[in-house]
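Q: Return a 3D structure for these sequence lines:
(chains A and B)
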Amino acid sequence: MSIRVQTAPFDPGHELNAIHAGNMNVGAVVTFVGYVRDINQEQSIQKLFLEHYPGMTEKALNKIREEAMQRWPLIDAHILHRVGPLSLAEPIVFVATSSMHRDAAFTACEFIMDYLKTRAPFWKKEQTDSGSHWVEGRDSDTLAASRWNSHNKENQ
Amino acid sequence: MLTVHFLARYREALNCESEQLSLQTEWQTIDDVRQFLVARNGAWSVLNDPRLMCARNQDVCSLQEPIQAGDELALFPMVTGG
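A: A predicted model of the protein is given here:
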């Protein structure tokens, strides 16, 4: 898979099995799945719409993936992200990192999500009981991503 | 010429997905283009956002990024994917 941006729903279990089936060297796969939740900032969510910047989206995800592959001894890294209309409880994003041993896969998965949340051109619009609104970016995400700036392969 | 894309909340506020602009000699950086747009007043003040992000030729960059003719620029609010 490596990088995929799609409007269609996906099954995280199916994606995980396909990653492992593709390479018997894999000793560890760490996955992150983000879902559409029903409450955000005390408002009840009905639906979610994800806008993106076609052209840049896959380029940005590829760049994040390549940086993770350079920093850690990974066998592979995969990013799958939905765009368009999403229903409650559907998976939004799937990140999987595979390696021979768990440490690299755990750390790289976290790195990819931190960078994705601050550098990949996606925007969420929530539909609530009182209308729809764009989700505001969070400074806590920026802070989480900034911790990787001083990191390098040697000190992990 | 420059192409400038506006995304998400900005696109809605401006009712505009993208615009072609003639590169002016005094423009050195993306921020010069942003300030030119903000000076139109009205809805364009949405680009006076301290958390505005930008991209040049589909790479996230700073507002101080130098520009040249033919560039594809994008101005957008903080991203919220994942």
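Q: Stretch A:127-146 close to chain B?
A: Yes: using CB under 8 Å from any CB of the partner chain, stretch A:127-146 comes into contact with chain B via A:134-138, A:142. For glycine as for every other residue, the C-beta is placed from the backbone atoms N, C-alpha and C.
Q: Filter those down to just the buried residues.
A: A:134-135, A:137 (16 or more other CB atoms under 10 Å in any protein chain shown).
Q: Among those residues, which lie within strands?
A: If you go by DSSP state E, these have A:Trp134 in strands.
Q: how about the buried ones among the residues of stretch A:127-146 next to chain B in JSON lines, adding pLDDT?
A: Below are those laid out as JSON lines (pLDDT from 0 to 100):
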{"residue": "A:Trp134", "pLDDT": "96"}
{"residue": "A:Val135", "pLDDT": "94"}
{"residue": "A:Gly137", "pLDDT": "91"}
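Q: Sort out which one of the buried ones among the residues of stretch A:127-146 next to chain B lies nearest A:Lys124 for me.
A: Proximity of those to A:Lys124 was ranked by CB to CB; the top entry is A:Val135 with 4.1 Å.
Q: and the lowest-mean-pLDDT helix or strand in chain B, which residues are buried?
A: Lowest by mean pLDDT, DSSP states H and E among the helices and strands of chain B is strand B:59-61, with a mean of 96. Within strand B:59-61, the residues scored as buried using 16+ other CB under 10 Å are B:60-61.
Q: follow-up on the earlier one: quick one: which of the buried ones among the residues of stretch A:127-146 next to chain B is nearest chain B?
A: A:Gly137 (2.5 Å; CB to the nearest CB).
Q: For the closest one, list the residues it contacts.
A: B:51, B:77-80 (CB atoms under 8 Å, 6 or more residues apart in numbering or on different chains).
Q: Please check those residues and keep the buried ones.
A: B:77-80.
Q: which among those residues are in contact with chain A?
A: Among the buried ones among the contacts of A:Gly137, chain A is touched by B:77-80 when using CB under 8 Å from any CB.
Q: Let me know the closest of those to chain A.
A: Closest to chain A, out of all of those and judged by CB to the nearest CB, is B:Met78, at 2.5 Å.
Q: The closest one: helix or strand, and which one exactly?
A: Using DSSP states H and E, B:Met78 maps to neither a helix nor a strand.
Q: Got the confidence number for it?
A: Here the pLDDT value assigned to B:Met78 is 97.
Q: How about A:Asn155?
A: Taking A:Asn155 on its own, its pLDDT is 44.
Q: What of A:Met24?
A: 80.
Q: And for it, the neighbour number?
A: Number of residues near A:Met24 (other CB atoms under 10 Å in any protein chain shown) recorded here: 7.
Q: how close does it sit to A:Leu86?
A: Distance from A:Met24 to A:Leu86, counting by CB to CB, to the nearest Å: 34 Å.
Q: Any idea how far the longest helix along chain A is from the middle of the chain?
A: The helix that spans the most residues within chain A, counting by DSSP state H, is helix A:102-119. Distance of helix A:102-119 from the chain centroid (CA atoms, centre = their mean, to the nearest Å) equals 8 Å.
Q: which other residues reach the helix or strand that that helix is followed by?
A: Where DSSP H and E defines the elements, the next helix or strand beyond helix A:102-119 is strand A:122-128. Under the criterion CB under 8 Å, 6+ apart, residues A:40, A:43-52, A:57, A:81, A:83, A:132-135, B:7-9, B:76-77, B:79-82 lie in contact with strand A:122-128.
Q: buried sites along strand A:122-128?
A: Quick answer for strand A:122-128 (16+ other CB under 10 Å): A:122-126.
Q: Describe which strands the lowest-mean-pLDDT helix or strand in chain A pairs with in its sheet and in which direction.
A: Ranking every helix and strand in chain A by mean pLDDT, DSSP H and E puts strand A:39-40 at the bottom, with a mean of 78. According to DSSP bridges, strand A:39-40 forms sheet pairs with strand A:43-52 (antiparallel).
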